[in-house]
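Chemist: what follows is a predicted structure for the sequence shown.
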Amino acid sequence: MSAQDGNWFIEHFDSAGVAFGLRLKQKLEAVQTPYQHIEMWETDTFGYLMTIDGATMLSSRDNFLYHEMMAHPALFAHAAPRRVLIIGGGDCGTLREVLRHGGVEKAVQIDIDEQVTRFSEKYFPELCESNDDPRAELRFEDGVKFMQECEPGQFDVIIVDSTDPVGPAEGLFKAEFFRHCHRVLADGGVLVQQSESPLLHSDTIIRDLHVNMREAGFDHTQTLPFPQPVYPSGWWSCTLAGKGCDVGAFREADAAGKDFDTRYYSNAIHHGALTLPPFMSAAIGT
């Protein structure tokens, strides 16, 4: 639930009894699509802000944290990623990070709502700078249906860059969906799913993700926490799963010697994120 209090946008996360706010300059535009209500704002200190159904999606100031951690840990956990599938990710920031890896030959992005991409092109053009890369394919359709119909072994890495597990994204957190991911991944493949707040969801959503991923056939699962100021609690996570691949390890030398710049991700950050605080390990059961 969100509210506009004078010149503030405030998102209330009622179940946890917390809220987050950004001071606004103006509301820019809003669109009701067949799937969701998308609004664009200009904030005082965080640049542009996109919200969907009243929930914060991304801001200009801190989106790099999320996009880098959704892409690089998974790609460096794989031995040699060439074919990457992104489910969701309509703002195209994760796609941009994926295509920084020169070994990637093809990156397919499947998002159900084209309007997210159109707003991103307008307000976050820096995130869309790889949209015209010949390796990129943008498709606007149902990601769950795409996975159900996709041929086995088509991708090396699958990135589920989804919204919260409600509405159109609810099915992306279920064991049935992860079974399709397991089938579509080639041997040695890596799946990564955004997995909400470690502080608020370790004993619910994150724990259940590990259970569902393993039930779907994945050999190894690992959650990596990272900061994300505009999301509930200011602390977020991604959860990796490996198909015959230990996602608790990664190509550290390649990460250290990468030929592109990042603002948050590094081999040291990756290594540190693999060590979970005790309360998370206890909640997840690792």
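Modeler: Structure's in. What do you need? The model shown is predicted, which means the values in this text are computed figures rather than measured ones. Numbering: from 1, shown residues only.

Chemist: any idea how far residue 182 is from residue 217?
Modeler: 4 Å (CB to CB, to the nearest Å). C-beta: built from backbone N, CA, C; applies to glycine.

Chemist: which one's more surrounded, the two?
Modeler: Between residue 217 and residue 182, residue 182 has the larger neighbour count (other CB atoms under 10 Å), namely 19 against 15.

Chemist: what helices and strands are in contact with the host helix or strand of residue 12?
Modeler: Here residue 12 sits within strand 8-13, counting by DSSP states H and E. With contacts taken as 3 or more CB pairs under 8 Å, 6 or more residues apart in numbering; DSSP states H and E, strand 8-13 sits against strand 2-5, strand 18-32, strand 48-52.

Chemist: rewinding a little: next, show the common contact partners of residue 217 and residue 182.
Modeler: residue 243 (CB atoms under 8 Å, 6 or more residues apart in numbering).

Chemist: what residues are up against the spatially closest residue to residue 79 that is not a sequence neighbour?
Modeler: Distances taken as CB to CB, 6 or more residues apart in numbering place residue 188 nearest to residue 79, at 5.8 Å, with adjacent residues excluded. By CB under 8 Å, 6+ apart, residue 188 lies in contact with 78, 79, 156, 242, 243, 244, 245.

Chemist: picking that back up, let's have the helices and strands packed on strand 8-13 in JSON lines, adding mean pLDDT.
Modeler: Formatted as JSON lines, the helices and strands packed on strand 8-13 follow (pLDDT from 0 to 100):
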{"stretch": "strand 2-5", "mean pLDDT": "56"}
{"stretch": "strand 18-32", "mean pLDDT": "96"}
{"stretch": "strand 48-52", "mean pLDDT": "97"}
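
Chemist: one step back: just name the closest of the contacts of residue 188 to residue 195, please.
Modeler: residue 242 (15.3 Å; CB to CB).

Chemist: hang on, that closest one packs against residue 190?
Modeler: Yes - the pair residue 242 / residue 190 is scored as a contact, 5.7 Å apart, by CB atoms under 8 Å.

Chemist: joint contacts of those two?
Modeler: With CB under 8 Å, 6+ apart as the test, residue 242 and residue 190 both reach residue 77.

Chemist: fine by me, thanks again.
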